[in-house]
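Novice: Predicted coordinates and the sequence they were generated for:
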Amino acid sequence: MNYAILRTAKLKTMGNIGGSLAHSYRTIETPNADPNLTPKNHHTVATPEAVKQAIKDRLPEKRRADAVLCIEYLITASPEWEGWGKSQEAEFFKRSAQWLMDKHGEGNIAGMSIHRDISTPQLVAYVVPIDQKGKLNCKGFLGGRVKLNQMQTDFANTVADLGLTRGKEGSKAKHTSIKE
C-alpha cells in the first residue's frame with residue numbers, strides 16, 4: 001500500500017516558528033538531508049525571515065498568550081510510491097498546495113517548501129489560522145480528533161487517483177523522529 005501522509009504541528013511561539021523555518025530552509029544542520037541535493041528544494045518565499053514576517057503581518061494585535069500562531073503542515077507519501085521523481089510527483093505537490101489553499105485560504109498560507117534533499121520528498125507549509133472574524137482560531141482549522149480524521153480522508157481523496165490511499169483510520173501508529 002502507498003499512503004498519502006498529512007501531519008500537522010501547532011507552533012505557539014516565534015521561537016518555535018523560527019526553529020521550524022531554520023530546519024525547512026536548511027540554515028541549521030539537517031542530518032537527514034543531502035547537502036548536494038538541497039539546491040533542488042523549492043520555496044514559495046525566498047527567505048525564512050520573509051516567511052516569519054508574513055506570519056507576523058497576519059497575526060492580530062490582540063491574542064491569547066497561549067494562542068497557536070501558526071500550523072505547520074507536512075505532506076508526503078509512502079517512500080515506496082512509484083510516483084517519486086516522475087510527473088506524478090509534480091502533480092502530487094500541485095494538488096497538495098491547492099488543497100491547502102482551498103481549505104485555509106491562500107492569504108493564510110505564509111509559505112510553502114518542497115524538500116527534495118531527503119529520502120522521501122515532502123511539502124511543508126506554514127498556515128496562520130485566521131478565521132472569518134479575523135481571530136486566531138486553530139481549533140476552527142484543525143478541530144479535534146474527528147475533524148483531523150476527516151481532513152486526512154479528504155486529502156487522501158484528493159490524491160487517490162495518483163495511486164495513494166488513506167492510512168488506516170484509528171491507527172495507533174506514531175511518527176518516528178530521526179533521533180528515534
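Specialist: Good, I have the coordinates. Numbering: from 1, shown residues only.
Novice: Going by C-alpha atoms from here, please, whenever you check contacts or count neighbours.
Specialist: OK.
Novice: quick one: Thr30 from Gly85, how far?
Specialist: Taking C-alpha to C-alpha, to the nearest Å as the measure, Thr30 falls 22 Å from Gly85.
Novice: For Met14, grab the count of nearby residues.
Specialist: 14 (other C-alpha atoms under 10 Å).
Novice: again, but for Thr153
Specialist: By other C-alpha under 10 Å, neighbour count at Thr153 equals 18.
Novice: got the buried residues for the helix ranked longest in the chain?
Specialist: Scanning the chain for the helix with the most residues, using DSSP state H, yields helix 87-104. Across helix 87-104, burial judged by 16 or more other C-alpha atoms under 10 Å covers 88-89, 92-93, 96-97, 99-100, 104.
Novice: Same check on stretch 59-73?
Specialist: Under 16+ other C-alpha under 10 Å, the buried positions of stretch 59-73 are 59, 68-73.
Novice: mean confidence for the longest helix of the chain?
Specialist: Helix 87-104 shows a mean pLDDT of 96.
Novice: Show me what that helix is packed against.
Specialist: On a contact count with 3 or more C-alpha pairs under 8 Å, 6 or more residues apart in numbering; DSSP states H and E, helix 87-104 meets helix 145-158.
Novice: Geometric centre of this protein: which residue is closest?
Specialist: Tyr73 (2.1 Å; C-alpha atoms, centre = their mean).
Novice: from what I can see that residue touches Ala125, true?
Specialist: Yes. Proximity of Tyr73 to Ala125 meets the contact threshold set by C-alpha atoms under 8 Å, at 5.0 Å.
Novice: Any idea how far stretch 35-52 is from the middle of the chain?
Specialist: Distance, stretch centre to chain centre, for stretch 35-52: 14 Å (C-alpha atoms, centre = their mean, to the nearest Å).
Novice: In that stretch, which residues are buried?
Specialist: 41, 43, 48, 51-52.
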